[in-house]
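Trainee: prediction below, plus the sequence it came from.
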Amino acid sequence: MPPARVDPYRNFNFLVEIDGIAQTGFREVILPEATADVIEYREGHEPSAVRKLKGRVRLGNLILRWGATGSRDLYDWWRRVQDGAADRRTISVILLDDDRTPVKRWNFRAAWPVRYEISALDAAGHEVLIETLEVAHEGMELA
(Lines give C-alpha, C1' and ligand atoms only; values in the text may rest on other atoms or scores of the structure.)
Protein backbone atom coordinates (compact mmCIF):
# COMPACT_ATOMS: atom_id res chain seq x y z
CA MET A 1 0.00 0.00 0.00
CA PRO A 2 1.52 3.38 -1.00
CA PRO A 3 2.11 5.94 1.75
CA ALA A 4 -0.50 8.64 2.26
CA ARG A 5 0.12 11.76 0.26
CA VAL A 6 1.16 14.75 2.36
CA ASP A 7 0.64 18.11 0.66
CA PRO A 8 2.42 21.25 1.85
CA TYR A 9 0.37 23.79 3.80
CA ARG A 10 -1.04 26.81 2.04
CA ASN A 11 0.13 30.29 3.01
CA PHE A 12 -3.30 31.93 3.29
CA ASN A 13 -4.73 29.92 6.23
CA PHE A 14 -3.45 31.68 9.33
CA LEU A 15 -4.50 33.51 12.47
CA VAL A 16 -2.71 36.10 14.59
CA GLU A 17 -3.20 36.37 18.37
CA ILE A 18 -1.91 39.40 20.28
CA ASP A 19 -2.30 39.66 24.07
CA GLY A 20 -5.19 41.98 24.80
CA ILE A 21 -5.86 43.01 21.17
CA ALA A 22 -8.73 41.52 19.20
CA GLN A 23 -7.54 42.55 15.72
CA THR A 24 -8.78 40.30 12.92
CA GLY A 25 -8.36 40.06 9.19
CA PHE A 26 -4.62 40.28 8.68
CA ARG A 27 -3.74 40.44 5.00
CA GLU A 28 -0.12 39.44 5.34
CA VAL A 29 2.33 38.32 8.00
CA ILE A 30 6.04 38.33 7.24
CA LEU A 31 7.77 35.99 9.67
CA PRO A 32 11.27 37.05 10.63
CA GLU A 33 14.44 35.55 9.27
CA ALA A 34 16.61 33.77 11.83
CA THR A 35 20.36 33.59 11.24
CA ALA A 36 23.45 32.73 13.26
CA ASP A 37 26.73 34.58 12.84
CA VAL A 38 29.76 32.48 11.95
CA ILE A 39 33.03 33.20 13.72
CA GLU A 40 36.14 31.98 11.93
CA TYR A 41 38.99 31.00 14.23
CA ARG A 42 42.47 29.80 13.38
CA GLU A 43 44.90 28.34 15.87
CA GLY A 44 48.49 29.49 15.48
CA HIS A 45 49.96 26.00 15.04
CA GLU A 46 47.45 25.11 12.25
CA PRO A 47 47.88 27.91 9.69
CA SER A 48 45.74 26.28 6.99
CA ALA A 49 42.92 24.99 9.21
CA VAL A 50 40.09 27.39 9.95
CA ARG A 51 37.56 26.46 12.58
CA LYS A 52 34.04 27.83 12.42
CA LEU A 53 32.19 28.62 15.62
CA LYS A 54 28.58 29.61 16.17
CA GLY A 55 28.19 33.28 16.97
CA ARG A 56 25.25 35.44 17.93
CA VAL A 57 21.78 34.44 16.73
CA ARG A 58 19.88 37.24 15.04
CA LEU A 59 16.11 37.41 14.62
CA GLY A 60 14.47 39.91 12.31
CA ASN A 61 11.28 41.78 13.11
CA LEU A 62 7.75 40.46 12.59
CA ILE A 63 5.66 42.43 10.08
CA LEU A 64 1.85 42.52 10.23
CA ARG A 65 -0.33 44.01 7.45
CA TRP A 66 -4.10 44.45 7.47
CA GLY A 67 -6.85 46.36 5.71
CA ALA A 68 -7.63 49.60 7.54
CA THR A 69 -10.87 49.56 9.54
CA GLY A 70 -12.30 51.62 12.39
CA SER A 71 -10.20 49.70 14.92
CA ARG A 72 -7.42 51.73 16.57
CA ASP A 73 -6.09 48.96 18.82
CA LEU A 74 -2.77 48.34 17.04
CA TYR A 75 -2.16 52.03 16.37
CA ASP A 76 -2.88 52.82 20.03
CA TRP A 77 -0.36 50.14 21.10
CA TRP A 78 2.24 51.73 18.80
CA ARG A 79 1.45 55.18 20.22
CA ARG A 80 1.70 54.03 23.88
CA VAL A 81 5.11 52.45 23.26
CA GLN A 82 6.38 55.56 21.43
CA ASP A 83 5.19 57.68 24.36
CA GLY A 84 7.40 55.62 26.70
CA ALA A 85 5.17 52.82 27.99
CA ALA A 86 6.86 49.43 28.48
CA ASP A 87 3.95 47.59 26.84
CA ARG A 88 5.36 44.27 25.64
CA ARG A 89 3.09 41.45 24.56
CA THR A 90 3.13 37.89 23.30
CA ILE A 91 2.16 37.44 19.65
CA SER A 92 1.27 34.07 18.13
CA VAL A 93 1.03 33.36 14.41
CA ILE A 94 -0.93 30.16 13.82
CA LEU A 95 -0.83 28.20 10.57
CA LEU A 96 -4.01 26.25 9.76
CA ASP A 97 -4.53 23.26 7.47
CA ASP A 98 -7.35 23.01 4.92
CA ASP A 99 -9.79 22.00 7.69
CA ARG A 100 -8.73 25.12 9.69
CA THR A 101 -7.02 22.95 12.30
CA PRO A 102 -3.87 24.54 13.82
CA VAL A 103 -0.73 22.76 12.59
CA LYS A 104 2.08 25.20 13.52
CA ARG A 105 2.37 28.06 15.96
CA TRP A 106 5.14 30.65 16.08
CA ASN A 107 5.23 32.47 19.42
CA PHE A 108 7.02 35.80 19.76
CA ARG A 109 7.72 36.89 23.33
CA ALA A 110 8.19 40.38 24.75
CA ALA A 111 7.11 41.97 21.48
CA TRP A 112 6.61 45.70 20.94
CA PRO A 113 5.92 47.86 17.86
CA VAL A 114 8.87 49.69 16.28
CA ARG A 115 7.31 51.00 13.05
CA TYR A 116 3.81 51.96 11.93
CA GLU A 117 2.98 52.69 8.28
CA ILE A 118 -0.14 53.30 6.26
CA SER A 119 -0.32 52.94 2.48
CA ALA A 120 -0.70 55.94 0.20
CA LEU A 121 -4.05 57.58 -0.38
CA ASP A 122 -4.86 57.85 -4.09
CA ALA A 123 -7.97 59.60 -5.42
CA ALA A 124 -7.72 57.59 -8.66
CA GLY A 125 -7.13 54.27 -6.91
CA HIS A 126 -9.43 51.44 -5.91
CA GLU A 127 -7.16 49.45 -3.61
CA VAL A 128 -7.78 48.65 0.05
CA LEU A 129 -5.95 50.99 2.44
CA ILE A 130 -3.27 48.90 4.21
CA GLU A 131 -1.81 49.48 7.67
CA THR A 132 1.54 47.93 8.59
CA LEU A 133 3.01 47.33 12.02
CA GLU A 134 6.61 46.14 12.41
CA VAL A 135 7.23 44.42 15.71
CA ALA A 136 10.53 43.71 17.49
CA HIS A 137 10.66 40.80 19.92
CA GLU A 138 12.98 38.97 22.27
CA GLY A 139 12.55 35.45 20.96
CA MET A 140 10.72 33.20 18.56
CA GLU A 141 9.62 29.65 19.34
CA LEU A 142 7.92 27.13 17.10
CA ALA A 143 5.34 25.37 19.27
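Mentor: That came through fine.

Trainee: hey, which strand is longest across this structure?
Mentor: strand 102-118 (DSSP state E).

Trainee: show me what the following helix or strand past that one is packed up against.
Mentor: For strand 102-118, the following helix or strand on the C-terminal side (DSSP states H and E) is strand 130-136. Here strand 130-136 touches strand 62-67, helix 73-82, strand 102-118, going by 3 or more C-beta pairs under 8 Å, 6 or more residues apart in numbering; DSSP states H and E. (Glycine included, C-beta is placed from N, CA and C.)

Trainee: let's see it at 6 Å
Mentor: On a contact count with 3 or more C-beta pairs under 6 Å, 6 or more residues apart in numbering; DSSP states H and E, strand 130-136 meets strand 62-67, strand 102-118.

Trainee: and that strand, how far out from the chain middle?
Mentor: 10 Å (C-alpha atoms, centre = their mean, to the nearest Å).

Trainee: tell me the strands beside the helix or strand just after that strand, with direction?
Mentor: Per DSSP H and E, the first helix or strand lying C-terminal to strand 130-136 is strand 140-142. Strand pairing for strand 140-142, determined by DSSP bridges: strand 102-118 (antiparallel).

Trainee: any idea what the residue most central in space within the chain is bridged to?
Mentor: Here the mean C-alpha position of the chain is nearest to the C-alpha of L62 (C-alpha atoms, centre = their mean), at a distance of 2.8 Å. Counting by DSSP bridges, L62 forms beta bridges with V135.
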